[in-house]
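need a 3D model of the sequence below.
(2 chains)
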Amino acid sequence: MIKIGDILRGGYEGKEVSIRGWVYRCRSSGKITFTVVRDSSGIIQCISKEGEIPDDLYEQIKGLTIESSLELTGTVSKDTRGVTGYEIKVKGGKIYQRNESFPISRDKSEEFLLDIRHLWLRSREFTAVLKIRATAFNAFSEFFNREGFYNVQGPMMVSAQTEGGSTLFEVPFFDQKAYLTQSSQFYLEALIFSLEKVYTIAPSFRAEKSRTRRHLTEYWHAEGEVAWIGNEEMMQIEERMIEYIVSAVLRDNAEDLALIGRNVEPLKKVKAPFPRMKYRELIEKAQSWGLNMKYMDDLGADEERAITVHFDKPVFVTHYPQELKAFYHRPDPESPDEILCHDLLAPEGCGEIIGGGERIWELEILEERMRSMNIDPKAYSWYLDLRRYGSVPHSGFGLGLDRLIWWVCGLDSIRDAIPFPRTIRRITP
RNA sequence: GCCGCCGUAGCUCAGUGGUAGAGCACCCGGCUGUUAACCGGGCGGUCGUCGGUUCGAUCCCGACCAGCGGCGCCA
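Numbering: from 1, shown residues only, chains lettered A, B, ... in the order given. Got it, this is the predicted structure:
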């Protein structure tokens, strides 16, 4: 039993092989039947001729429906008439299931494909995206393992929010209320005191009623936290990490990128270092680019899009005014109204994929910030403890992995970057 | 939370104030080189739900349900 992809790489001409898979296309002209078979590695056309195989098998093959599962044995030949340049002349085989009419045909709407996502995953396009996604997840872990980070896990059920706003999913927790986590950041911060450099890949949940093509209510959050480093060193790690992941995809998924029609030229330019721009400078630039922005405006979706077209690499935006960001970001000692944070905006109009920065590590400053933002310190008592016992400077980041896949694959919607998207209106399949 | 859009066959869509049609899928038949094959025939619908207007509503009006897009918020 071999993979179709192996046949397509050559070397099997004239040899007898067996493949297993699903019917991708089926055409018959009486005494000859063409069955295009799909497996996880590719598609190949198989030829069956009446009289050359047992009659009952020929009748079964002739009557197959799309997505029926089967096993075929036959001789490989190189033939330009086959869709992928090779063909198998069938000698024998076994049908596992001849299914009824497959619901997906050539016309399909966005909504329908979401309803039957569990079946649409079989499409060649989605298969390609899923392979790229696997590469990206692996490359992320690989990068941090090589950098001496420890892979850690925080809880998914928590008692307090990380970010501002009431965007938590509430879940019953015995006699109490618990929430699904928005971020593992606080737990990673606790873990640096033993491990110093940590990362995690975990889902995060946001009950935001977002209706956009770049939001999920459940998304895969890749986070890192590092003791003893500041905002700039954190960005240096991140830009190498992004370069590492993109290079891995370009190296391992060239065929998949081609299949989904992704232009790889912009991806080839993703090499560290990335440009950095302070929020203040960005506003000035934005005004010269004709964008209507003033200081203290947050970057909206339109602004992010308009900004990224002026760069051919991802760009870091740093030093936001403290009012625009969460309470834990450390003010710049040289300019206390600005904080030592960064967002990474992906090019080609994609926008924010990373948020990170240096954390406040002095207890008094953190308490002062919480007071000024009307946050109850009691809810964060254990988090404040981290600043009571051997506190150290540290920085961290959170990367939206689904957004990364969305950008790298050049997809219309983030929903097509994850197999089973959870959005405000969709909990099945 | 705000704004906009959609709902007719399994799918993609036409259409009409007098209870519906095409293409694809599927089934049957034909065809020994097809490439989303082709040719002939067939099956297939409470026209999203409820209410209103009307002699009569899939069509007009209202509410609801479901979904999609944009903003804000974020990753």
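
any idea which element the residue lying closest to residue A:241 once chain neighbours are set aside lies in?
Beyond its immediate neighbours in the sequence, the residue positioned closest to residue A:241 (C-beta to C-beta, 6 or more residues apart in numbering) is residue A:143, lying 5.0 Å away. In short, each C-beta sits where N, CA and C put it, glycine included. When secondary structure is defined using DSSP states H and E, the element that contains residue A:143 is helix A:124-146.

that helix packs against which elements?
Under the contact criterion of 3 or more C-beta pairs under 8 Å, 6 or more residues apart in numbering; DSSP states H and E, the helices and strands touching helix A:124-146 comprise strand A:150-151, strand A:197-205, strand A:218-227, helix A:231-252, helix A:254-259, helix A:401-409.

how does it look with 6 Å?
Applying 3 or more C-beta pairs under 6 Å, 6 or more residues apart in numbering; DSSP states H and E, one finds that helix A:124-146 contacts helix A:231-252, helix A:254-259, helix A:401-409.

deepest-packed of those, please.
Each of those was given a mean neighbour count from mean count of other C-beta atoms under 10 Å, and the largest, a mean of 25, is that of helix A:401-409.

distance check, the residue of the stretch 251-400 of chain A found nearest RNA strand B against residue A:351.
The stretch 251-400 of chain A approaches RNA strand B most closely through residue A:300 (2.2 Å), counting by C-beta to the nearest atom of the strand. Computed with C-beta to C-beta, to the nearest Å, the distance linking residue A:300 and residue A:351 is 10 Å.

likewise for residue A:233?
When C-beta to C-beta is the yardstick, residue A:233 and residue A:351 sit 24 Å from each other.

again, but for residue A:21
For residue A:21, the distance to residue A:351 under the criterion C-beta to C-beta works out to 39 Å.

enumerate the residues of the stretch 301-429 of chain A near RNA strand B.
When proximity is defined by C-beta under 7 Å from any atom of the strand, the stretch 301-429 of chain A lies next to RNA strand B at A:301-302, A:304, A:324-326, A:343, A:351-355, A:398-400, A:402-403, A:413-415, A:423-426.

now the element after the lowest-mean-pLDDT helix or strand in chain A, going C-ward?
The helix or strand with the lowest mean pLDDT-type score in chain A, counting by mean pLDDT, DSSP states H and E, is helix A:301-308 (a mean of 81). Heading C-terminal from helix A:301-308, the first helix or strand you meet, by DSSP H and E, is strand A:315-318.

now the residue of chain A positioned farthest from its centre: closest residue in space, sequence neighbours ignored.
Taking C-alpha atoms, centre = their mean, the residue of chain A most remote from its mean C-alpha position is residue A:51, at 50.0 Å. Excluding the flanking residues, the one nearest residue A:51 by C-beta to C-beta, 6+ apart is residue A:31, at 7.3 Å.

pretty sure that neighbour is touching residue A:48, no?
No: taking C-beta atoms under 6 Å as the contact criterion, residue A:31 and residue A:48 are not neighbours in contact, 9.6 Å apart.

which one of those two is surrounded by more residues?
residue A:48 (24 against 12; other C-beta atoms under 10 Å).

for residue A:71, phi and psi?
Backbone geometry at residue A:71, expressed as degrees, to the nearest 10, gives phi -130, psi 130.

before we move on, back to that, among the residues of the stretch 301-429 of chain A next to RNA strand B, which are in strands?
Applying DSSP state E to these, the entries found in strands are A:343, A:351-355, A:398-400.

select only the buried ones of these in PyMOL?
Applying 16 or more other C-beta atoms under 10 Å to those, the buried members can be selected in PyMOL as follows:
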select buried, chain A and resi 343+351+352+353+354+355+398+399+400
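
and the ones in strands among the residues of the stretch 301-429 of chain A next to RNA strand B, which two are furthest apart?
Every pair in those was compared (C-beta to C-beta); the two farthest apart turn out to be A:351 and A:398, at 14.8 Å.

show me where chain A has helices.
The residue ranges that make up the helices of chain A, judged by DSSP state H, are A:4-8, A:55-62, A:110-115, A:117-120, A:124-146, A:185-195, A:231-252, A:254-259, A:265-268, A:279-288, A:301-308, A:363-372, A:381-385, A:401-409.

format the ones you listed as CSV; extra columns: distance to residue A:35.
Shown next, in CSV, are these (distance: least, C-beta to C-beta, whole Å):
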stretch, distance to residue A:35
helix A:4-8, 12
helix A:55-62, 6
helix A:110-115, 25
helix A:117-120, 20
helix A:124-146, 16
helix A:185-195, 51
helix A:231-252, 30
helix A:254-259, 21
helix A:265-268, 36
helix A:279-288, 57
helix A:301-308, 45
helix A:363-372, 66
helix A:381-385, 61
helix A:401-409, 30
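
most packed of those helices?
A comparison of those by mean neighbour count, using mean count of other C-beta under 10 Å, puts helix A:401-409 on top with a mean of 25.
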